[in-house]
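sequence-free structure coming up:
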């Protein structure tokens, strides 16, 4: 009697995201397991980059709570001039650097740092045209991030800021003079695009 073959469980595939537009369209990037890390969904990303399409080419971008890097790498794929990514978790920051190397993306800088402290303490060398704010939903980080971006001079006059949060939580109050110009929901996520007071005054 032949011994019965026992099927071995297949190894769990690595967490992956797919870039959906631009030069790196279709490329897949891995990201590690980390509490609160959830890449922005493809459909939401597509809507976001339709919103910012007139401004993305040549833009200097900040992915403040980078996580998987979905937003920053998508921006670079679609023509951004430079992308700075902030990520506090060492394993996640390491994977972001590896993904940048895999893409040959020399215009990406990854900093392993607490995002709020970085905004407060780092010297502004060149302000950003487009900022992505998609922090862990439970961490209540949107309001302090917005306050520091506005107060510390991180935003160019034409800057736009993307916000993403849990639908049931909603967005915090924006800095004085800012305006939310786009606002949508997708399942349990609320996302939108804000412009700064300097832009509105034009």
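Arrived safely. All values derive from a computational prediction rather than experimental measurement. Numbering: from 1, shown residues only.

Bridged to residue 110, which residues?
Per DSSP bridges, the residues bridged to residue 110 are residue 85.

so it makes contact with residue 83?
No - using C-beta atoms under 8 Å as the test, residue 110 is too far from residue 83 to be in contact (9.2 Å). To be clear about C-beta, it is placed using only N, CA and C from the backbone, and glycine gets the same treatment.

Who has more neighbours out of the two?
Neighbours per residue (other C-beta atoms under 10 Å) separate residue 110 from residue 83, with residue 83 holding more: 28 against 23.

So that one lies in a strand, does it not?
Yes - according to DSSP: H, G, I helix; E, B strand; the rest coil, residue 83 belongs to a strand.

what's near enough to touch it?
Residues in contact with residue 83 (C-beta atoms under 8 Å, 6 or more residues apart in numbering) are 61, 62, 63, 72, 73, 75, 76, 105, 107, 108, 109.

Using neighbour counts, trim these to the buried set.
Among the contacts of residue 83, those classed as buried by 16 or more other C-beta atoms under 10 Å are 61, 62, 63, 72, 73, 75, 76, 105, 108.

I figured the third one hits residue 86, correct?
Yes - under the criterion of C-beta under 8 Å, residue 63 makes contact with residue 86 at 7.0 Å.
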